[in-house]
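> generate coordinates for the sequence data below:
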Amino acid sequence: MLQRVGRAEHKRGGLPKGRMFPLSRDELVECVALLRCVHRGELDRLTIPEKPLDVLAQQIVAAASIEDWDENGFFELVRSAWPYRDLTREEFDSVVTMLAEGFSTKRGRRAALIHHDAVNHRLRGRRGARLTALTSGGAIPDNADYRVVLEPSETFVGTVNEDFAVESLAGDIFQLGNASWRILRINSGVVRVEDAKGQPPGIPFWLGEAPARTAELSEAVSDLRSEIEELLNASTDVAQWLVNEFKLPAEAAQQIADYFADTHRALGAIPSQQVLVMERFFDESGGMQLVLHTPFGSRINRAWGLALRKRFCRSFNFELQAAATDDAIVISLGTQHSFPLEEVFRYLNSKTVRDLLVQALLDAPMFTIRWRWNTTRSLAVPRFRGGAKIAAPLQRMESENLLAAVFPDQLACLEHIVGDREIPNHPLVKQTIAECLNEAMDIDGLEEVLRKIEKSEIRCIARDLPEPSPLAAEILNARPYAFLDNAPLEERRTQAVYTRRVSESGSGRSSDGLGILDAAAIDKVVKEAWPDATNADELHDALMLLSMITPEEAACFVHREGNGVSAELLLKELVASNRATQLRIGEKTFWAAAEQLSMLKTIYTEARLDPELTLPDSLLGKTWERDHAIREMIRGRMEVCGPITAGELTEIFGLSRSEIDAALLALEAEGFVLRGKFRPDATEQEWCDRRLLARIHRLTIDRLRAEIQPVSPQDFYRFLFAWQRADLEHRVEGLEGLQSILEQLDGCELQLAAWESAVIAARVNDYDPEWLDRLCFSGRVGWGRLSAPQNPNARAFAPLRTSPIALYQRENLHDWLHLAQTISSAELSVVPRTVFDVLASGGALFFTELVRRTGLLPSQVEEALSQLAALGFATSDSFDGLRALLVPSDKRPTFGRNTGKRRRKTNLASIEFAGRWSLLRSEMTTHTSGNGADKSSRDRAIEKFARVLLRRYGVVFRRLLERENFDVTWYELGRICRRWEARGEIRGGYFVGGISGEQFALPEAIGLLRSIRKASKSGELITLSASDPLNFQGILTPGSRIAALTSNRILFCDGLPIAALEAGEIRKLTNAPVSELVIETALKIGKLRPSLRPYYK
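Predicted structure coming up:
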């Protein structure tokens, strides 16, 4: 990177600058590690190729074509060069022999370029060797790209990949550079084009081998991952650490922090070079994907992936698809592969992996490509002939012919090859294998990793998961350059993996919870798999499947669907027809089919039959091996029982644990069963039939996708009335009931006059205002304006009655202030400013203390507090203070010594009894705290706001934010909700019909939605104030909105708004079978407690 950026602004006084554009989260992490290395002054180690024999061949031809050389002198000259310091005479002689003798093909001897005088040890060039060295020399291999030439000017435009050129047709339009070109024709190695005059082009593709991340950068990525894991374990703010340490943009830092937080919770660790994690999960086809997280760079990962793929091939006799990137390896398993996941780390051995990898790479595309490169560099296949460049396809064919001549097993039919292919002692074959092992891959690095695993110096973690972890996303969507086999992209089994939408922020389930399957899904699959017999034949099928069953299980088969058939009668029918009998084993009794008796008697030699059956010779003569018989008996049980432990099987069958374990291991080797901890309460290893386990996995994920059908907006209104206790059936009572309502409405700003008169009264039966005062005095609830006035010039005249006031849980006030706009106190008039300054310096003060410290008249302080409360500056210990400020001035108790007596006489609240007054905000600035507060605090506040919204509405989506006062975007809320969905805390889906965009719901809300949708409509009428939080007229329902004023009211019939009272006039919203008198009565007659009427009339 330093070299590339250093070339920028290449002029005197220029300052080189570079920008990195990561296209994935893994690339983002790599960029951060790269920046750290740059800041530390670290450099990649430059590795010089060791004794490249192909280049040596080229040098020998070039030197011998000019003059005669003494063979020994030339050898010493070559060894004086650093790359050839370890060149042996045997290797040198093999290259000389190759150049002198050439390649023997059916078309004759080819590529003999020098004369070798073995007697006098002289080297001389053949005729044409000099021209070949001049025109075909060079160490940079041809990449077989097609030249793009503009006609008729023959202007060279650029190059395109050979595969793209071959798949293109005349008339196709593609983009190259900043222009679009139309293909006229495609010749050998040349694409002839004309200007497409700006027509929409396609984008050409390039296939090839991606450059690997260096070992030094891979180590830096691993170190960064390890540090982040330590910070996560210490509950440190990772995003802030990244910003401070690397000066990253806050968004990039947050993405990295959230990415690794998700990963840590999913896998239990963050993979690094000291901690390797392997995960296995089902795909949609019923197969499994094995992902090994190994951040060693793609050179080691390619070697590991190819060797592991070869080991699987030899163990299971199946060719598997595989891919490797810088950070992970994926192997696509079939339905027949079953093995303990932890054992995969031991599949390869450091002492044998090199030989295994050599056999594996012979089938990989890298060998063929590098063979062609080496034959070209060694001049065995010239690049030019007769003054013209040899087309890439012809070069490929010639190199393949040479390979068939020196290494026939490589191109031979594998049906005729037994065991490993024998590697010929040919310099180009040896060079090609060496380049594959040490350039395309890193065999030495792999051997070192395997040695550390064998010595337990690397921690290895294995996880069976129902779905891939966030870290597996990139390898599952790897591009063709990462493939380790020849299967094209459209045929990759990884395409069958369903990946849930990964949260951009936050965490997933815990590592333990993610691997546990849904208990309901297990029960459902087991219930469906368990036989259901309605007649004797079906009961006989169940006996054949399970080999033997208890009388209780037989009754369960027959009666599970309540079909009224007696198990006893069906069994008697089977006994009478000589098809079943009882098997008595000690004190246990089983029912068994006649066809299974020979197998069961092999297992239970002391078993007695009751009654004895007369069997045909075909059944009597069948013999079984005991271990085979046990395996088949357990196989039948596993097909229907779901997850079960070996101990439970031992108890059912009465066999020894060793026999059960041996049978299960044999079934696992067949790929029939898998082991793990599948049930939520599992404490020991369980076994499960592969087919059943795949269905359980699918149900665990799929049941959340379509768990509920969307409800109409009308039914959603009915749901909201029940959810917020606004209907008669669900209203609450008492102090705790009021507290639950205020928790739902936490931070919600409404007109002050609406709180007690309309909102609380509509949800709490027999509401007593003293309940709210008690909650305020106890410190559980507070009040105050959180939002800033919309018109700054009118601050001094804001009426308190219509001011938006929030009731909030005091523990959440700090978060709500982070989300609310702050207010400038600079424009306050003299009296409110005086009271503000006293509160700012003196803290919380009683009213009488305020009067004394300000030196103002009590009425002036009272009016100042009214303005400060209306503007969002002041609050008090109780709600009684607000009520006192709502009383008209001519009806307020006078101040003085007899105030208490008059207050009791008039029965009106007095500001003197409001408790202490204090500032709602401790600091006043002219900017918005939503932007000025640090991002981590804002994120925590948004997360709390998201929880409150879910608690308030049960279901949340973008439109609901139109009634909220906080400056929070749906983008911010959506990230959090997607995170919670991944954790299983909430559900994502389509819950309310007619509403576009994402929707999320609490699990308990989904159940209530279901019941509301199924419940019949009763014609219930509900009247709400237009200032109520449930006024979504014009938002959820069609039509114009109704101003959120306390005096305006809306009438609903079964969740449908049918009429509204606006400015004293009744307006019908829809035709409904409700009389006008009923509508007028419902809208104009309200229920207000007599003690509240002086304040809210």
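
> now the strands for the stretch 601-750 of the chain?
Taking DSSP state E, counting those that start in this stretch to define them, one finds strands in the stretch 601-750 of the chain at 608-610, 644-645, 673-676, 686-689, 732-733, 749-751.

> and the stretch 201-350 of the chain, by the same measure?
275-282, 288-293, 321-324, 328-333.

> which residue packs closest to I228, ignoring adjacent ones?
Nearest-residue entry for I228: F260, 5.0 Å, with adjacent residues in sequence omitted and distances by CB to CB, 6 or more residues apart in numbering. Bear in mind the C-beta positions are built from the backbone N, C-alpha and C, glycine included.

> verify the stated contact: that neighbour with A269.
No. Assessed by CB atoms under 8 Å, F260 is found out of contact with A269, at 10.5 Å.

> nearest to L379, of the strands of the stretch 601-750 of the chain?
Closest approach to L379 among the strands of the stretch 601-750 of the chain is made by strand 673-676 (55.1 Å; CB to CB).

> what's the average pLDDT for the closest one?
In this model, strand 673-676 has a mean pLDDT of 84.

> now do it: which elements does it pack against?
Helices and strands touching strand 673-676, by 3 or more CB pairs under 8 Å, 6 or more residues apart in numbering; DSSP states H and E, are helix 657-669, strand 686-689, helix 690-702.

> please identify the most buried of those.
Stretch with highest mean neighbour count among the helices and strands packed on strand 673-676: strand 686-689 (a mean of 24; mean count of other CB atoms under 10 Å).

> check the offset of that strand from the chain's centre.
Relative to its parent chain, strand 686-689 has a centroid offset of 27 Å by CA atoms, centre = their mean, to the nearest Å.

> for that strand, enumerate the helices and strands it packs against.
When contacts are defined as 3+ CB pairs under 8 Å, 6+ apart, strand 686-689 packs onto helix 626-641, strand 644-645, strand 673-676.

> can you give the contact residues for that strand?
638-639, 641-646, 649, 664, 668, 672-679, 696 (CB atoms under 8 Å, 6 or more residues apart in numbering).

> quick revisit: out of the strands of the stretch 201-350 of the chain, flag the one nearest Q809.
Nearest to Q809, of all the strands of the stretch 201-350 of the chain, is strand 275-282, at 40.5 Å by CB to CB.

> note down every partner strand of the closest one and its orientation.
Using DSSP bridges, the strands paired with strand 275-282 are strand 288-293 (antiparallel), strand 459-464 (parallel).

> just tell me which of these ends up closest to Q199.
For these, proximity to Q199 was assessed by CB to CB; strand 288-293 is nearest, at 41.4 Å.

> quick one: contacts for G334?
Going by CB under 8 Å, 6+ apart, G334 touches 287, 316, 318, 320, 671.

> from these, which is closest to V429?
Using CB to CB, L320 comes nearest to V429 of those, at 26.3 Å.

> mind checking which of the contacts of G334 are buried?
Among the contacts of G334, those buried by neighbour count (16 or more other CB atoms under 10 Å) are 287, 316, 320, 671.

> neighbours of the closest residue in space to the second one that isn't next to it in sequence, how many?
This means F316. Excluding its sequence neighbours, the residue lying closest to F316 (CB to CB, 6+ apart) is H337, at 5.8 Å. The number of residues packed near H337 is 20, by other CB atoms under 10 Å.

> next one: Q3
Using other CB under 10 Å, Q3 is surrounded by 6 other residues.

> which helix or strand contains it?
Using DSSP states H and E, Q3 maps to helix 2-6.

> same check, this time on V191
Assigned by DSSP H and E, V191 belongs to strand 190-195.

> ok now do L450, which residues does it touch?
By CB under 8 Å, 6+ apart, the residues touching L450 are 348-350, 353.

> what helix or strand is it located in?
Per DSSP H and E: L450 is located in helix 443-454.

> between that helix and strand 275-282, how many degrees?
Angle, helix 443-454 to strand 275-282, by axes from the mean of the first three to the mean of the last three CA atoms, to 10 degrees: 90 degrees.

> let's see helix 443-454 as CSV, backbone CA atoms only.
Output of helix 443-454 as CSV, limited to C-alpha atoms (Å, rounded to 0.1, in the frame of the first residue of the first chain):
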residue,chain,number,x,y,z
ILE,A,443,2.8,-25.6,2.8
ASP,A,444,5.4,-24.7,5.4
GLY,A,445,2.9,-22.3,7.1
LEU,A,446,0.2,-25.0,7.1
GLU,A,447,2.6,-27.6,8.6
GLU,A,448,3.4,-25.2,11.4
VAL,A,449,-0.3,-24.5,12.1
LEU,A,450,-1.0,-28.3,12.3
ARG,A,451,2.0,-28.8,14.6
LYS,A,452,0.6,-26.2,16.9
ILE,A,453,-2.8,-27.8,16.9
GLU,A,454,-1.2,-31.2,17.7
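
> show me which parts of it are buried, residue by residue.
So, applying 16+ other CB under 10 Å, buried residues of helix 443-454: 443, 445-447, 449-450, 453.

> give me the common contacts of F260 and A269.
Overlap of the contact sets of F260 and A269 (by CB under 8 Å, 6+ apart) consists of E229.

> that older thread, just name the most buried of the helices and strands packed on strand 686-689.
When neighbours are counted by mean count of other CB under 10 Å, the highest per-stretch mean among the helices and strands packed on strand 686-689 falls to strand 673-676, a mean of 23.

> who's in contact with that strand?
With contact meaning CB under 8 Å, 6+ apart, strand 673-676 is reached by 338, 340-341, 464, 515, 638, 664, 667-668, 685-690, 693.

> out of the residues you listed, flag the one nearest to E985.
G515 (17.5 Å).

> need the pLDDT of that closest one.
You'll see G515 listed with a pLDDT of 49.

> check the one 3 residues further on too.
On the pLDDT scale, D518 is placed at 78.

> tell me, how many residues neighbour it?
Neighbour count of D518, defined by other CB under 10 Å: 19.

> again with R459
Using other CB under 10 Å, R459 has 12 neighbouring residues.

> contact partners for it?
In this structure, R459 makes contact with 269, 274-276, judged by CB under 8 Å, 6+ apart.

> give the buried residues for stretch 411-430.
Neighbour-count burial for stretch 411-430 flags 421, 423, 426-430 (criterion: 16+ other CB under 10 Å).

> ok, W816 - contacts?
By CB under 8 Å, 6+ apart, the contact list for W816 reads 747, 786, 806, 808, 941, 945, 966.

> which ones among those map onto helices?
Members of those lying in helices (criterion: DSSP state H): 941, 945.

> and E435, how far is that from N486?
Using CB to CB, to the nearest Å, we find E435 at a distance of 20 Å from N486.
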